[in-house]
Every structure is written in C-alpha cells, then in structure tokens.
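Visitor: fold the following for me, if possible:
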Amino acid sequence: MRIKHQTPDVFVTWRTILPAIVCGLSMTACNRQVQAPPPPVPEVATVTVTQQSVVLTTELPGRTSPYLIAEIRPQVNGLIQKRLFKEGSDVKVGQELYQIDPAPFQAALDNAQAALGRAEANLPALQLRANRYKEALADKAVSQQDLDDAAAALNQVQADIRYYRAMVETARINLNYAHVVSPITGRIGTSTVTDGAIVTAYQPVALATIQQLDPIYVDVPQSTTELLRLQRRLEEGRINQDGTNANQVQLILGDRTKYPLEGTLQFRDVSVDPTTASVILRMVFPNPNGVLLPGMFVRAVVKEGVNAQAILIPQQAVSRDPKGNPVALIVNASGKVEQRMLSLDRAIGDQWLVSTGLEPGDRVIAEGMQKVRPGAEVKTVPFAGKPVANLKSH
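Guide: The predicted model follows:
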C-alpha cells in the first residue's frame, strides 16, 4: 500500500530530471563539435619554373663502315709464287702482297725491246735514202715514184718504232703487275688463294680485302619526319645552331659505354630511301686504337642546336589524364592547386622539356600530388630532388 502512494512521486521526479540530462548531453556534443580542430593543410614540394639554355641532341642508331676499302684482284694471268703478308695485319700503301711468276712477262718485255731495237736500227738508212732521193729528184736523177717509195718506207719504220715502244711499255707494265701491291693503308683480311694458285686478270673473286679503319665512317639513318621537324624549329627560331659545334658528334657503343673521341658530321644524303623514308647521315670518327670495327652497331648522339629558353621540370611532376595527355599541378598565387595541360618535347635526363603549358615563375608540384586535388589549398616547400647534372638530351 505504501508503494502505491509513492509511485506518482517517482514518475514526477524522473519527468523532471530526464529533460535536463538530455539537454546536458546535447550541449556537450555541441561543444565538442565546435571545439574540433580544422583538418591540416596538405604540404607539397614545388619547383619554380625557369628558362635555361639547353643543347638539344638526338640519339640515332647506326653502323660503322670502313673509311676506304680495296678488293685486291690480279691484273694479269699467272701463278701465285708467294703470299707476302700476314692475314689480319696492317699493311702500307705500296706494300707487296702477292708475287705472280714474272718469267713470261719478262720474256714478253725482252721480245718487245728486241723488236724495237730492230726497227730503230733501220731508221738511219731509210732517213738517208729519203733525203738523197729528194735531192736527186731536183736533178731528174730519180723518178717521183722512187722518192715516194723511200718516204713510205721511212714512215713505215717510224710507225714500227712507235708501235714497239708501246709494246715495250705494255710488257713493262705487265711485269710490274706481277707484283701485286696494296693500293691503300689499312688492315688486310683473309687470303682466298695460297701459293701455287692460278689467277686470272680481274677475276670476280678478290684475292684479299683491305679496309682502312682510322678514321672510320658511321652511317646513321634519320627519318624525314625528324629532319622536317628540325628544319621547322630552326625556321621558327625555337632553336639555333650558332656556337654549338653542331658538326661534333658523340658515339655510344653497343655496351652503352661512351666512345672517348668525338666525330664530325660530314654530310646528309640528298636522297630519301623509299623503303625506310629516311636519309643517311655520314660521320667520321678517329679510330687510332682500332676499337671500332666495320659493321659494329652504335648509337650516335647528334647535336640539333641550342634552345635558349627551355623549360625543364622533373619527370615525376608530370602525370597523365584518362586520355593519356600529359598534365601537371601547379600552385597559383592564392596558394591553391590548378591543373595545366602540357605539351612535351622530349626527355632530357630525368626531366621533361616542356613546349607549352607552363610559364616562368609557375610553381609546379613535384611531390605530394596524391594528397591534393585542383582547387585545394596547400602549403608549399621547395623540392629537394636530385638536380640534373647534364642538360643534354638523348
């Protein structure tokens, strides 16, 4: 009975306390929401865009070829008596390589000299006869026919002398051809004949081949597209070739090591290969130690010119949009992120050469791009990446 009388009081008490508790909890939550600290401003590392002078180069594949090449062939028929060189050795111009049996050529020379001597022996008598007949004709002592016969005989012997002199010279030349000599200085390869072989004049198979390797050529194909692009840049003034030693070329060997000596660009071919749509660039490199051999695959670094207003940014500062176009994020003067569409020329070391999209003074985000979006406010610090030591493009 006592409980029944106390129940309404309890209900009254809780009815009074409960709203106060709910209000207190709501005020606490509100206070907490008001007092929560703002999210931190993301920090990014930026690179300030500047213009600089850059030597632009193109790396093109090519192959080496001999500076001079001579295929040794006999100029007379005969028997090889002796090979006078060591295969794979260096030979000098005029050095004797093969000895062909000279006996038949010496005999031919002796025969021609004898015939010449016989003709020359008849010349004085015929000359005197012709002179006497000419004087006798004035006294009517001989007929005109006698004088004509004497003059014809004199002319005949004079022609014979000229003929036999030519025969002597031919025989002497053939005798000299029995000594096969090197027409150039270079390195000789294997011999296709041995002692005792029979050879014929101007045979299709060469006896040996000599190649001059110092200096040596490097032939490099360049596409017409690249050639036209270079000409257009020169016309537009985007690059210039003044004071760049544009004819100087560097070489990279097959193992990616740099050849220590620079070469010279000799010429660009004037015709286009229809199968490859390219022109040939011929370069000359010194090769005193014989490092470069004919047929080696190399890469030539050809100087195009100097871009005096080049803009370079780290490659990590460039990303791609869903369509594959290059973009970069910059921090504007208000400290907010903007996206810029870029046009890239080429990679130079670990940097991109930017054609359009950036201006000097722009702050390009190089680190921290994953934490920000366009329009976000950011805090910037200088980018501490590794600088590029060599600003030449490859």
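Visitor: the stretch 1-150 of the chain: helices as residue ranges?
Guide: Using DSSP state H, counting those that start in this stretch, the helices of the stretch 1-150 of the chain run over 2-35, 103-138, 144-177.
Visitor: can you tell me which of those the model trusts least?
Guide: Note on those: lowest mean pLDDT is at helix 2-35, with a mean of 50.
Visitor: the lengthiest strand in the chain packs against which elements?
Guide: Counting by DSSP state E, the longest strand found in the chain is strand 51-72. Applying 3 or more C-beta pairs under 8 Å, 6 or more residues apart in numbering; DSSP states H and E, one finds that strand 51-72 contacts strand 186-188, strand 208-223, strand 278-285, strand 297-314. C-betas here are computed from N, CA, C, even on glycine.
Visitor: between the ones you listed, which one is closest to Gln266.
Guide: Gln266 sits nearest to strand 278-285 of all those, at 4.8 Å, using C-beta to C-beta.
Visitor: what packs against the closest one?
Guide: So strand 278-285, by 3+ C-beta pairs under 8 Å, 6+ apart, packs with strand 51-72, strand 208-223, helix 224-236, strand 248-252, strand 263-268, strand 297-314.
Visitor: 7 Å instead, please
Guide: Identification of packing neighbours for strand 278-285 by 3 or more C-beta pairs under 7 Å, 6 or more residues apart in numbering; DSSP states H and E yields strand 208-223, helix 224-236, strand 263-268.
Visitor: buried ones in that strand?
Guide: Ser278, Val279, Ile280, Leu281, Arg282, Met283, Phe285 (16 or more other C-beta atoms under 10 Å).
Visitor: which of those residues sits closest to Phe85?
Guide: Phe285 (26.5 Å).
Visitor: just the helices and strands packed on strand 278-285: most buried one?
Guide: By mean neighbour count, with neighbours taken as mean count of other C-beta atoms under 10 Å, strand 208-223 ranks first of the helices and strands packed on strand 278-285 at a mean of 20.
Visitor: so in that sheet, which strands flank it, and in what orientation?
Guide: strand 51-72 (antiparallel), strand 186-188 (antiparallel), strand 278-285 (antiparallel) (DSSP bridges).
Visitor: give me the number of residues near Ala103?
Guide: Under the neighbour criterion other C-beta atoms under 10 Å, Ala103 is assigned a count of 13.
Visitor: got the domain ranges for the chain?
Guide: What automatic domain parsing lists as the domains of the chain is 44-56+309-382, 57-66+213-308, 74-101+178-205, 103-177.
Visitor: of all the ones you listed, which one is nearest Pro37?
Guide: With C-beta to C-beta as the criterion, Pro37 lies closest to domain 44-56+309-382 of the domains of the chain, at 16.0 Å.
Visitor: now do the end-to-end distance for the closest one.
Guide: End-to-end distance of domain 44-56+309-382 (C-alpha to C-alpha, to the nearest Å): 8 Å.
Visitor: check stretch 178-193 too.
Guide: Start to finish, the residues bounding stretch 178-193 are 15 Å apart (C-alpha to C-alpha).
Visitor: please renumber the chain so that the first residue is 5 from this point on.
Guide: I'll keep to 5 as the first residue from here, and by that count the last item is stretch 182-197.
Visitor: quick one: distance of that stretch to the chain centre.
Guide: Put simply, stretch 182-197 sits 30 Å off its chain's centre (C-alpha atoms, centre = their mean, to the nearest Å).
Visitor: contacts for that stretch?
Guide: Stretch 182-197 is contacted from outside by 72, 74, 76, 78, 80, 82, 84, 87, 89, 91-106, 109, 203, 209-217, using C-beta atoms under 7 Å, 6 or more residues apart in numbering.
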